[in-house]
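Participant: what would the 3D arrangement of this be:
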Amino acid sequence: MYSVVQFVHSYWAYLVLIVLVIATVNALSKFFGKKEYGGKDMSLALFTLITMHIQLLIGLVLWFVSPNGLQAIKANGMGGLSSQARQLAVEHPFLMIIAVVLVTVGYSKHKKQRLSTPKFKKIAIFYTLALIAVLAIIPWSQWF
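Facilitator: Down below sits the predicted model:
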């Protein structure tokens, strides 16, 4: 089960990253370009939210079944983890949860706005912060 969940988590991450980049660039360009908010913008923001939440669920399952997650903490304690093990068991999940929260808050706040510019502003701010968090904590050595 572990290898299947890890495989899905690893490859779904590419989709999440691509969609998050597209949604962020879309919001930033339309905010600065003073464009009108439309149905495609709503769909893109929602699809980003959905892919992030699915990745979170897959990641939580992985954290519980992986030897690098909860099992590593149980076996070694927090003080016994190497820096790489700590990153996989603690830092990566924590910062990714923060990124999902940022996307969720940004999506929720943008829905409350009536005008296009404030809608794009909310998405741009929160999705950009989420993108920075995701890029900062991706285990790049395992990706390439």
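Participant: so A27 touches A124, yeah?
Facilitator: Yes. Counting by Cβ atoms under 8 Å, A27 touches A124, with 4.1 Å between them. Every C-beta, even on glycine, is put in place using the N, C-alpha and C of the backbone.
Participant: what about the two, which has more around it?
Facilitator: A27 (27 against 22; other Cβ atoms under 10 Å).
Participant: tell me who's in contact with that one.
Facilitator: Taking Cβ atoms under 8 Å, 6 or more residues apart in numbering, we find A27 in contact with 41, 45, 120, 123-124, 127-128.
Participant: give me the buried subset of those.
Facilitator: 41, 45, 120, 123-124, 127-128 (16 or more other Cβ atoms under 10 Å).
Participant: now, the most widely separated pair of those residues?
Facilitator: D41 and T128 (15.5 Å; Cβ to Cβ).
Participant: want to try TSV for the buried ones among the contacts of A27, with pLDDT, secondary structure and distance to M1 as columns?
Facilitator: Output for the buried ones among the contacts of A27, formatted as TSV (pLDDT from 0 to 100; DSSP: H, G, I helix; E, B strand; the rest coil; distance: Cβ to Cβ, whole Å):
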residue	pLDDT	secondary structure	distance to M1
D41	95	helix	38
A45	96	helix	33
F120	95	helix	41
I123	96	helix	36
A124	96	helix	39
Y127	98	helix	32
T128	97	helix	35
